[in-house]
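>>> How does the following fold in three dimensions:
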Amino acid sequence: MQALVKASQLQGSVQAPPAKAIAHRYLICASLADQPGEIVCPANSADIAATAACLQALGARISYDGTLFRVLPLDAACPASGGVLPCGESGSTLRFLLPLACALGAESSFALAGRLPERPMAPLYTALTAGGISINGQGSPLITCSGRLRAGHYQLPGDISSQFISGLLLALPLLRGNSSLSVGGEMQSRGYLELTRDAISRFGLCLPPLGGKMEISGGQQYRSPGRLVVEGDWSAAAFWLAAIAISGCPLRILGLERASLQGDRAAYAVLERMGLRLDWRGDALLAAPGDLCATEIDAADIPDLVPPLAAVAAFAKGETRIVNAARLRLKESDRLAAVAATLAALGADISEQEDSLLIRGKARLAGGDVSSCNDHRIAMMAAIAALGCAAPVRIKSAQAINKSYPRFFADLSALGGDVQVEER
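Predicted coordinates:
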């Protein structure tokens, strides 16, 4: 699929898609619960669908009607074994469900697509192997695990992926004995870990506060709260905030939680600092453009915000530095390189360092042809940047948006964006 996006005047309201980070966690907890549950999730995506499919392979029964997931939990005492769990390209799905399958003693195979086999997994493999698990196929598109995870002491680094830690936080309470989890170095993406703790607590489990060493009681039971609602996704909404900044058109964004635990809520503060005018009117976030100015952005805890923030920086007066961004090289693409190459192809003044970006803003970019690099956030970044380009922007492999936000181009069009999507 390719998309052609032209500079446009936007107006109206847009509903933020459901936060996939929260949907993953609610689906997993609901599949482990003592009673059936419902999860209100007004849109699906490839990543969320992958988690649901993997949980069904472990024995849960999950249906979705376009708005609501209905979950009949799996039998933790006798989970389905020997199945293939189709993770697609979802790192969250793999990193959450591999420890879970091991805790349940479910011999399983995990099918990985895209760049997922290349993404970092070694620290999690090491931890699970130390806990009695046999893992084969590391680094390949098909990983198998066997054995049952033992209670004990586990160690993980904090600066590679918070998903390793979340995976063990979800799994360790199921073990027969008590365990401890030590996190070495700086704990990055802490907001995602708070989402994990929050989801688990909603299902009645007790976890200690996040810290360098956490003592986790075993033998706990996930208890269904009945119905939960997935709030709007701040990382997706950041693209609409960026669109407002670049296009100069005010919009209303619906579905976001003002006091959300999502770390990407930081988009509000960063873009306000860069000149966007933001205000809450009831449940709606009203955003209006302002004079854009450069700033320094620390990406250590907000790596997913780098694409939309970099797009805004390309139009902001002055020199913006985005630092501590090395982990972007380990995403669906080498995202740090992809951000730099894509914006440069559109005419931005941007340079890439080992773990940072330096962006000198311009009043307008040229436009041109780019590739999504099979990365959903690069596709959306290019589309939003097009709103400030003199010529149209053609995005190849634009279907990458399906990973997190399948309705992105439809929503952009509904706001008045000049978008032509061609299926190929």
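
>>> tell me which element residue 63 falls in.
If you go by DSSP states H and E, residue 63 is part of strand 61-64.

>>> Please work out which residues outside that strand touch it.
27, 31, 41, 44, 52, 55-56, 69-72 (CB atoms under 8 Å, 6 or more residues apart in numbering). C-beta: built from backbone N, CA, C; applies to glycine.

>>> now, the most widely separated pair of those?
44 and 72 (18.4 Å; CB to CB).

>>> Comparing the two, which shows the higher neighbour count?
residue 44 (20 against 16; other CB atoms under 10 Å).

>>> Using PDB, write down the CA coordinates of stretch 154-161.
Extracted in PDB, the C-alpha atoms of stretch 154-161 (Å, rounded to 0.1, in the frame of the first residue of the first chain):
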ATOM      1  CA  TYR A 154      15.500 -13.300  38.800                       C
ATOM      2  CA  GLN A 155      17.700 -10.600  37.300                       C
ATOM      3  CA  LEU A 156      17.100  -8.300  34.400                       C
ATOM      4  CA  PRO A 157      18.700  -5.100  33.100                       C
ATOM      5  CA  GLY A 158      16.600  -1.900  33.200                       C
ATOM      6  CA  ASP A 159      18.000  -0.200  30.200                       C
ATOM      7  CA  ILE A 160      17.200  -2.500  27.300                       C
ATOM      8  CA  SER A 161      13.400  -3.100  27.300                       C
END
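
>>> what sits against the closest residue to residue 332 other than its chain neighbours?
Leaving aside its chain neighbours, residue 332 sits nearest to residue 375 (4.3 Å; criterion: CB to CB, 6 or more residues apart in numbering). When contacts are counted by CB under 8 Å, 6+ apart, residue 375 touches 331-333, 335, 338, 400.

>>> Out of those residues, which is nearest to residue 178?
residue 331 (34.8 Å).

>>> what's around the closest one, how many residues?
Count around residue 331 with other CB under 10 Å applied: 22.

>>> Residue 219 now?
11.

>>> Look at it and tell me its secondary structure.
Following DSSP: H, G, I helix; E, B strand; the rest coil, the label given to residue 219 is coil.

>>> Do I have it right that it meets residue 176?
Yes: Residue 219 lies in contact with residue 176 (CB atoms under 8 Å); the separation is 6.1 Å.

>>> Return the distance of the closest residue to residue 225 other than its chain neighbours relative to residue 270.
Among residues not flanking residue 225 along the chain, residue 202 sits closest, at 5.5 Å (CB to CB, 6+ apart). Distance of residue 202 to residue 270, given as CB to CB, to the nearest Å: 29 Å.

>>> same thing with residue 411?
Taking CB to CB, one finds residue 411 at 22 Å from residue 270.

>>> got the buried residues for the helix or strand where residue 183 lies?
Here residue 183 sits within strand 179-184, counting by DSSP H and E. Buried residues in strand 179-184, counting neighbours by 16 or more other CB atoms under 10 Å, are found at 179, 181, 183.

>>> Contact partners for the last one?
Right, the one you point to is residue 183. 155-158, 165, 211-214.

>>> and what of the second one?
Remark: with contacts taken as CB under 8 Å, 6+ apart, residue 181 is in contact with 153-156, 165, 168-169, 172, 213-214, 216.

>>> rerun at 7 Å
154, 156, 168, 172, 214, 216 (CB atoms under 7 Å, 6 or more residues apart in numbering).

>>> Let's have those in TSV, adding neighbour count, pLDDT and distance to residue 320.
Below are the contacts of residue 181 laid out as TSV (neighbours: other CB atoms under 10 Å; pLDDT from 0 to 100; distance: CB to CB, whole Å):
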residue	neighbour count	pLDDT	distance to residue 320
154	25	98	39
156	21	97	33
168	29	98	36
172	26	98	41
214	20	97	36
216	21	97	41
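
>>> Could you find which two of those residues are furthest from each other?
156 and 216 (12.9 Å).

>>> that older thread, so residue 202 and residue 270 - more neighbours on which side?
Using other CB under 10 Å, the more surrounded residue of residue 202 and residue 270 is residue 270, with 20 against 17.

>>> Pretty sure that one sits against residue 309.
Yes: the pair residue 270 / residue 309 is scored as a contact, 6.1 Å apart, by CB atoms under 7 Å.

>>> Quick one: distance of the strand holding residue 183 to the chain centre.
24 Å (CA atoms, centre = their mean, to the nearest Å).

>>> That strand - which strands sit beside it in the sheet, and in what orientation?
As defined by DSSP bridges, the strand partners of strand 179-184 come to strand 153-157 (parallel), strand 213-216 (antiparallel).
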